[in-house]
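Q: For reference, the sequence and a predicted model appear below.
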Amino acid sequence: MSSAAANPEDPLQNLSVIYFGNDWFAENRTSSHHIARQLARRMPLLYVDTPGMRSPTSSSRDLRKILRIARKFLARPKSVGPQLWRLTVPQIPFRQVPFVESLNRALGRWLVRRAARFLRFGRRLSWFAVPHPAAMAGMLGDELVVYYVVDDYAALAQMDAARIQRLDDELTSRADVVFVCSETLLNRKRELNRNVEYSPHGVDFELFSQAQDPATEIAEGARGFPQPVIGYFGSIAGQIDLELIAYLAGQRKNWTFLLIGMASVDVGAIAALPNVHLAGPQPYESLPRWAKAFDVAIVPYRRNRFVVNSNPLKIREYLAAGKPVVSVRAPEIERLRDVVFLADSHEDFLHKIEQALEGDTVEIRQTRMDAVRNCSWQACAERALGHVQKAFADR
């Protein structure tokens, strides 16, 4: 997405973006990160880490995170790429204490405004990829508010669901344009805002297709396992059906189950199984080297509200890597049914993996890759900006 020549009639001309997303250095790269990078190719962008959606716990990880945020309280925005800066807005936890929410809102607005002045942002667009900073919308000198809905946030585990749903609805109502990654969210969002657009995920095809490059070496931690290797990468959180993984591993003790990602739930039951290997979180750029070891890639989700409304990015990444994919059913996953094996039960999931292991050819692999070859993040960002331009024109 190259910078366009000056056009005084272009409402995006001389516009800067204040972008609210999850932790820039989070273990998983989500659409929040990918879209921000693409927008920054077009205009200056301040990426604001906004902790506070998930309720803090007493875990050492959360305590370390709170301390890290506190140390950055007065830090100025840091460059993380061309035309791209990052700022952390600290949040005082324990929102049940009176006035903490109000204090967090006032503190956040002050820090973001200060950063925008420091970066000499003039005309401003605010772009929200998370709902909990909703109170910032329209309070930053922003000419337009965009809400890019990646998930059904209130359905995430460990959330104050009522609070997040309230903020999600508030931001949906206040935004000038709303994007949803899953069509199942369209009708509900359109009850609150008529300007809602469907915007499915992209994929970094160039990165993940490296798994098919003979020069790409298998990640060291994925070598030497008995085949077939049934692989997964992503968060190991509440949406993962650990009972399904235990069932599969128990039924096929000669298969290897390789799971890559941070575990935020108790995985003791599967970690104890000799043919299940938990590799922990790995750098995003290394995932094609891990995927190269997979004989089949899986999406072992529970079929709950979060999953029904989700659009799993990892499926496109698996397909770009050329791997056979077995997944539970969900509306957005059904769109890829021509290149994904869909399962309806634990027994069916096992059967579909066995099917996926049979007769994988170069031609079939190419068909999978072709299904997502043109789904770039650049195209997603350009499509979204087209709707933003229209929203400016309709004001």
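A: Looks like it arrived, so ask away. Numbering: from 1, shown residues only.
Q: was I right about residue 126 contacting residue 16?
A: No. If you go by Cβ atoms under 8 Å, residue 126 and residue 16 don't touch, sitting 10.1 Å apart. (Each C-beta comes from the backbone N, C-alpha and C, glycine too.)
Q: where does residue 170 fall, helix, sheet strand or coil?
A: helix (DSSP: H, G, I helix; E, B strand; the rest coil).
Q: I meant to write residue 187 there.
A: helix.
Q: picking up where we left off before, looking at residue 126 and residue 16, which has the bigger crowd around it?
A: With neighbours defined as other Cβ atoms under 10 Å, residue 126 and residue 16 compare such that residue 126 has more, 26 against 19.
Q: would the more buried one count as being in a strand?
A: Yes. The assignment for residue 126 (three-state DSSP) places it in a strand.
Q: just the strands in the chain please.
A: Per DSSP state E, the chain carries strands over the ranges 15-21, 45-49, 78-81, 84-88, 123-128, 142-149, 177-180, 196-198, 229-233, 256-260, 276-280, 296-299, 325-328, 341-343.
Q: what separates the fourth one from the chain centre, distance-wise?
A: This means strand 84-88. Relative to the centre of its chain, strand 84-88 is centred 18 Å away, using Cα atoms, centre = their mean, to the nearest Å.
Q: What mean pLDDT does it get?
A: Over the span of strand 84-88, the pLDDT mean works out to 94.
Q: what's the answer for the longest one, then?
A: This predicted structure assigns strand 142-149 an average pLDDT of 96.
Q: For this protein, name the helix or strand with the lowest mean pLDDT.
A: Every helix and strand in the chain was compared by mean pLDDT, DSSP states H and E; the lowest is helix 60-71, with a mean of 56.
Q: show me the contacts for residue 347.
A: Under the criterion of Cβ atoms under 8 Å, 6 or more residues apart in numbering, residue 347 has no contact partners.
Q: ditto for residue 252
A: Neighbouring residues of residue 252 by Cβ under 8 Å, 6+ apart: 275, 350.
Q: For it, give its distance to residue 302.
A: As judged by Cβ to Cβ, to the nearest Å, residue 252 and residue 302 stand 21 Å apart.
Q: now swap in residue 227 and tell me
A: Going from residue 227 to residue 302 by Cβ to Cβ gives 28 Å.
Q: if you count what's nearby, which of those two comes out ahead?
A: It is residue 302, of residue 227 and residue 302, that has more neighbours when counted by other Cβ under 10 Å, with 15 against 11.
Q: Tell me who's in contact with the closest residue to that one other than its chain neighbours.
A: Spatially, and ignoring its direct neighbours in sequence, residue 302 is nearest to residue 241 (4.6 Å; Cβ to Cβ, 6 or more residues apart in numbering). By Cβ under 8 Å, 6+ apart, the contact list for residue 241 reads 300, 301, 302, 328.
Q: Sort those by pLDDT and name the bottom one.
A: Minimum confidence in the contacts of residue 241 sits at residue 302, scoring 94.
Q: Enumerate every residue touching it.
A: Applying Cβ under 8 Å, 6+ apart, the residues near residue 302 are 238, 239, 240, 241, 328.
Q: Might one say that the second one is in contact with residue 307?
A: Put plainly, it is residue 239. Yes. At 5.6 Å, residue 239 counts as touching residue 307 under the criterion of Cβ under 8 Å.
Q: shared neighbours of those two, anything?
A: Common neighbours of residue 239 and residue 307 (Cβ under 8 Å, 6+ apart) are residue 301.
Q: can you give me the helices for the stretch 151-300 of the chain?
A: For the stretch 151-300 of the chain, helices defined by DSSP state H, counting those that start in this stretch occupy the ranges 161-174, 186-190, 205-208, 242-251, 268-271, 287-291.
Q: Dump the ones you listed into JSON lines; add mean pLDDT as well.
A: Shown next, in JSON lines, are the helices of the stretch 151-300 of the chain (pLDDT from 0 to 100):
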{"stretch": "helix 161-174", "mean pLDDT": "93"}
{"stretch": "helix 186-190", "mean pLDDT": "93"}
{"stretch": "helix 205-208", "mean pLDDT": "97"}
{"stretch": "helix 242-251", "mean pLDDT": "98"}
{"stretch": "helix 268-271", "mean pLDDT": "96"}
{"stretch": "helix 287-291", "mean pLDDT": "98"}
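Q: Compare the ones you listed and give me the one nearest residue 147.
A: Between residue 147 and the helices of the stretch 151-300 of the chain, the shortest gap by Cβ to Cβ is with helix 161-174, which sits at 5.0 Å.
Q: Which positions in the closest one come out as buried?
A: The neighbour-count check on helix 161-174 (16 or more other Cβ atoms under 10 Å) flags 163, 164, 165, 167, 168, 169, 170, 171, 172, 174 as buried.
Q: who's in contact with that helix?
A: 53, 95, 128, 131-132, 134, 137-138, 145, 147, 149, 153-156, 178, 189, 192-193, 196.
Q: what's the offset of it from the middle of its chain?
A: 19 Å.
Q: Give me the angle between it and strand 15-21.
A: For helix 161-174 against strand 15-21, the angle by axes from the mean of the first three to the mean of the last three Cα atoms, to 10 degrees is 160 degrees.
Q: and the angle from helix 161-174 to strand 142-149?
A: 130 degrees.
Q: Export helix 161-174 to CSV, keeping only CA atoms.
A: Extracted in CSV, the C-alpha atoms of helix 161-174 (Å, rounded to 0.1, in the frame of the first residue of the first chain):
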residue,chain,number,x,y,z
ALA,A,161,-18.7,-10.4,30.2
ALA,A,162,-21.3,-7.8,31.1
ARG,A,163,-18.8,-5.0,31.2
ILE,A,164,-17.2,-5.9,27.9
GLN,A,165,-20.6,-6.4,26.2
ARG,A,166,-21.6,-2.9,27.4
LEU,A,167,-18.5,-1.3,26.0
ASP,A,168,-18.7,-3.3,22.8
ASP,A,169,-22.3,-2.1,22.2
GLU,A,170,-21.3,1.5,23.2
LEU,A,171,-18.4,1.5,20.7
THR,A,172,-20.6,-0.1,18.0
SER,A,173,-23.2,2.6,18.4
ARG,A,174,-20.7,5.5,18.5
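Q: quick one: it to strand 123-128, angle?
A: 150 degrees.
Q: wait, doesn't residue 288 sit right on residue 211?
A: Yes. Using Cβ under 8 Å, residue 288 is in contact with residue 211, at 4.3 Å.
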